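Asker: Build me a structure from this.
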Amino acid sequence: MSSTAPPFELRLRWTRNNTQVIALAIGVSACMFVPGVPLGLAIPAWGFLGLFGLFATVLPLMGPVVLRMDAEGVALPQGPRRRPRVVAWADVEAVVSWRVRGGSHWVGVVPTAEYRRRTGLDTRRGLRWMDNAIGLPVARTTTNWDGPPHELKAMVAALWRIAPQTPWIDAAHHTPTARD
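Answerer: Below you'll find the model as predicted:
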């Protein structure tokens, strides 16, 4: 691990998904103007859909960090009011990403069996089911990310700069890629 390498932060960005959510919120809100829709239903729907559209607009503009890599390890968010989960490089088998339908990605780490045992990640049935469905032990050590593909490539380049011995895995194909 290179302790002099600068940290890398992967941030949430504006994507086509945000535009689709906003368009959907506007479209459904417009349906509430149809004659015959009770005002008692229309007003709460406008409020809910307005907040939903506002959230879809503002969150990417704030650009929250969804993954941070530095000399210590990888930090992943656990929620708005919780400290991020930090997985030290000694506990990381690989950094992983895969694309899901709709264009977003999941990014994170494949932790060692010892880390999963120590933190209790392998004791919950739902987490084990998720790991089996994906084919890698990644439950609670990955996060959803929307952003341009060039930032994902920058994340892989930063990984090889910060922790050159750590492989990157495209989980959609289960193909590890080592630094050339």
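
Asker: who's in contact with the helix or strand hosting residue 128?
Answerer: In the assignment (DSSP states H and E), residue 128 maps to helix 125-134. With Cβ atoms under 8 Å, 6 or more residues apart in numbering as the contact definition, helix 125-134 has outside contacts at 121, 122, 137, 138, 139, 140, 171. Just so you know, the C-beta spots here come from the backbone N, C-alpha and C atoms, and that holds for glycine as well.

Asker: Make a markdown table out of those residues and add pLDDT, neighbour count and distance to residue 55.
Answerer: What follows is the contacts of helix 125-134, written out as a markdown table (pLDDT from 0 to 100; neighbours: other Cβ atoms under 10 Å; distance: Cβ to Cβ, whole Å):
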| residue | pLDDT | neighbour count | distance to residue 55 |
| --- | --- | --- | --- |
| 121 | 81 | 20 | 29 |
| 122 | 75 | 16 | 34 |
| 137 | 81 | 23 | 32 |
| 138 | 82 | 23 | 26 |
| 139 | 81 | 21 | 26 |
| 140 | 82 | 19 | 24 |
| 171 | 78 | 21 | 28 |
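
Asker: Show me which pair in the residues you listed is furthest apart.
Answerer: 122 and 171 (18.0 Å; Cβ to Cβ).

Asker: what about the spatially most central residue of the chain, helix or strand, and which?
Answerer: The chain has residue 144 as the residue nearest its centroid, 2.1 Å off, counting by Cα atoms, centre = their mean. Under the criterion of DSSP H and E, residue 144 resides in strand 142-145.

Asker: Which secondary structure elements does that strand sit against?
Answerer: strand 65-69, strand 105-111 (3 or more Cβ pairs under 8 Å, 6 or more residues apart in numbering; DSSP states H and E).
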